[in-house]
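Asks: sequence and computational prediction follow.
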Amino acid sequence: MYGAHSGGTTPTAVYPAFGTPAPAPPRRTTSLVAIALVAGLVGGGLGFGGAYLVFNSAGVGATTLAGTADPMVGKPSDGSVAGAAAKAMPSTVDIRWRTNRGTVEGSGVILSAEGEVLTNNHVVDGASQGVQVTLADGSTHRASVVGTSPSYDLAVIRISGASGLTPATLGRSTDVSVGQPVVAIGSPEGLSGTVTSGIVSAMNRTVTASDGNGSGRVIYNGLQTDAPINPGNSGGPLVNLAGQVVGINSAIVGSNGSIGLGFAIPVDQARRVAQELISNGTATKPQLGVAGGESALGGATIGQVTPGSAAEAAGLRAGDVVTKVGSATVGDFTDLIARVGSYAPGQQVTLTVTGADGTAPREVPVTLGSMPDKQPTISDGDLSGLAELFGRGGN
């Protein structure tokens, strides 16, 4: 099974706005839906469908993005939900654009006074003619896509002619803890400026998502929350009570709205990818250089090591079973991809590895390689194909 969740029924994949079922992939458990809103007029009312169904297994530019050592921006929070909302609201935007099947709507986080905005890739995927952005003051503006990171489900857009905007303050993933209160802000079902609250329910959840056309998968190491988030919250901020962004809301369990199981992309991962998109228009991802073998109970079996890769340099061999990445447990090969993906290219990470012959676990330091972030093509039934994310085949 995938990650931390077990049980449940096998879901049916639904691709963006089409409502067309696809063959159910194997070994899926709890279903999640990416939370961009696809809206259209239905009998005078508002109807929606999920952007895509996903599955859970368990002044910028040369300058640094707001966060880390930066001072508080905007109204300081008093440590309450109301204070956190007042701090983060001016930095949250509504994003929408028209397709021939309706209106896609999501949310975003302002990164710079000049109008760079972070959101989900699935919110702006296909918006080649740009999008409309509504600020907290109600004013509307055109924005163009700066760059996308399909593997991380992140994108940056730039508001045309913007200046004097209020950038969000980005927190740190290392400061986030289970049970910590958090606040979600966004535009669920078109209701801009909606604020909900909850806690961080869990860390290091492996989340896998079908991409918009069903040809690939997004895998990330997610932050789980019970703060109610719904279709249209995608790309909006999850903030702590200081009003600092700790995650980018991305997915929920189910397709009919929040049931208290939501997932966000951790802020450290989002910060790195956003900085690369703003600086270069493209992003990178870490390369381990292994392909998955047959599943091993309680670990990820390596089926193949790519010649010249980081894995080969570290001495990993086919048949080795990876049980931990750093201190995070690995349950299967998808976990391995998510855990490695939370690091940056060039970082050193320690893998806990058991040999194919059942030898005692050993710690293997690996300096991760780098590869461009492009969405791989992976068939629904081929889990070993997920290795393409980290350096097999033509990547």
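Replies: Yes, it's here.

Asks: going by C-alpha atoms from here, please, whenever you check contacts or count neighbours.
Replies: OK.

Asks: tell me if P90 really is in a helix.
Replies: Yes: under DSSP: H, G, I helix; E, B strand; the rest coil, P90 falls within a helix.

Asks: I'd like to know how far it sits from D226.
Replies: Applying CA to CA, to the nearest Å, the value for P90 to D226 is 23 Å.

Asks: so these two - more neighbours on which side?
Replies: Set P90 next to D226 and count neighbours by other CA atoms under 10 Å: D226 wins out with 23 against 20.

Asks: what count of nearby residues applies to the closest residue to S163 other than its chain neighbours?
Replies: Spatial nearest neighbour of S163, excluding adjacent residues (CA to CA, 6 or more residues apart in numbering): E114 at 4.5 Å. By other CA under 10 Å, 19 other residues sit near E114.

Asks: do the one 4 residues further on as well
Replies: The local packing of L118 (other CA under 10 Å) involves 32 other residues.

Asks: would you confirm that it contacts S149?
Replies: No: L118 is beyond contact range of S149, at 11.0 Å (criterion: CA atoms under 8 Å).

Asks: the host helix or strand of N204: what's the following helix or strand?
Replies: Following DSSP states H and E, one finds N204 within strand 194-210. Toward the C-terminus, strand 194-210 is succeeded by strand 217-225 as the next helix or strand (DSSP H and E).

Asks: quick one: strands adjacent to the helix or strand just after that following strand?
Replies: Where DSSP H and E defines the elements, the next helix or strand beyond strand 217-225 is strand 237-239. Applying DSSP bridges, strand 237-239 is found paired with strand 181-186 (antiparallel), strand 245-253 (antiparallel).

Asks: out of those strands, which one sits most buried?
Replies: strand 245-253 (a mean of 31; mean count of other CA atoms under 10 Å).

Asks: compute the inter-axis angle for that one and strand 194-210.
Replies: For strand 245-253 against strand 194-210, the angle by axes from the mean of the first three to the mean of the last three CA atoms, to 10 degrees is 60 degrees.

Asks: after strand 245-253 comes which helix or strand?
Replies: Strand 245-253 is succeeded, C-terminally, by strand 262-266 (DSSP H and E).

Asks: which strands and helices sit next to that next one?
Replies: Packing partners of strand 262-266 (3 or more CA pairs under 8 Å, 6 or more residues apart in numbering; DSSP states H and E): strand 217-225, strand 245-253.

Asks: so which of these gets nearest R172?
Replies: strand 245-253 (6.5 Å; CA to CA).

Asks: run through who's touching that closest one.
Replies: 30-35, 54, 119-120, 153, 168-173, 176, 184, 223, 229-230, 233-240, 258-259, 261-267, 270 (CA atoms under 8 Å, 6 or more residues apart in numbering).

Asks: circling back to that earlier point, name the residues contacting each of L118 and S149.
Replies: With CA under 8 Å, 6+ apart as the test, L118 and S149 both reach A155.

Asks: report the central residue of this structure.
Replies: When CA atoms, centre = their mean is applied to the chain, the residue found nearest the centroid is I265 (4.0 Å).

Asks: what are the bridge partners for it, then?
Replies: Bridge pairing for I265 (DSSP bridges) gives the partners I248.

Asks: got a pLDDT number for it?
Replies: Model confidence at I265, given as pLDDT, is 97.

Asks: what residue ranges in the protein score low on pLDDT?
Replies: For the chain, applying pLDDT under 70 flags the ranges 1-75, 209-217, 255, 294-296, 375-395.

Asks: ok, 50 please
Replies: 1-31, 36-74, 213, 376-395 (pLDDT under 50).

Asks: okay, now the domains of it?
Replies: 1-282, 284-390 (automatic domain parsing).

Asks: out of these, deepest packed?
Replies: Most buried of the domains of the chain, by mean neighbour count (mean count of other CA under 10 Å): domain 1-282, with a mean of 22.

Asks: can you give me the strands in the stretch 251-395 of the chain?
Replies: Per DSSP state E, counting those that start in this stretch, the stretch 251-395 of the chain carries strands over the ranges 262-266, 284-287, 290-292, 300-305, 321-325, 328-329, 348-354, 362-367, 369-372.

Asks: what is the fourth one packed up against?
Replies: Spelled out, it's strand 300-305. Against strand 300-305 (3+ CA pairs under 8 Å, 6+ apart) you get strand 290-292, strand 321-325, helix 333-341.

Asks: one more time with 6 Å
Replies: With contacts defined as 3 or more CA pairs under 6 Å, 6 or more residues apart in numbering; DSSP states H and E, strand 300-305 has these neighbours: strand 290-292, strand 321-325.

Asks: pull it out as CSV, backbone CA atoms only.
Replies: What follows is strand 300-305, C-alpha atoms only, in CSV (Å, rounded to 0.1, in the frame of the first residue of the first chain):
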residue,chain,number,x,y,z
ALA,A,300,11.9,0.1,-0.9
THR,A,301,13.7,-2.5,-3.0
ILE,A,302,16.2,-1.2,-5.5
GLY,A,303,15.8,-3.0,-8.8
GLN,A,304,18.4,-1.1,-10.8
VAL,A,305,21.1,1.5,-10.2
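
Asks: distance between the ends of stretch 278-290?
Replies: The first-to-last residue distance of stretch 278-290 comes to 30 Å (CA to CA).

Asks: scratch that, stretch 138-155 is what I was asking about
Replies: This stretch, stretch 138-155, spans 23 Å end to end (CA to CA).

Asks: now it, how far from the centre of its chain.
Replies: In terms of CA atoms, centre = their mean, to the nearest Å, the centre of stretch 138-155 is set 14 Å apart from its chain centre.

Asks: what's in contact with it?
Replies: 118-121, 130-134, 156-160, 218, 277, 281-282, 375 (CA atoms under 6 Å, 6 or more residues apart in numbering).

Asks: which of those fall in strands?
Replies: 118-119, 131-134, 156-159, 218 (DSSP state E).

Asks: reformat the strands paired with strand 237-239 as TSV; add distance to G319.
Replies: Formatted as TSV, the strands paired with strand 237-239 follow (distance: least, CA to CA, whole Å):
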stretch	distance to G319
strand 181-186	42
strand 245-253	34
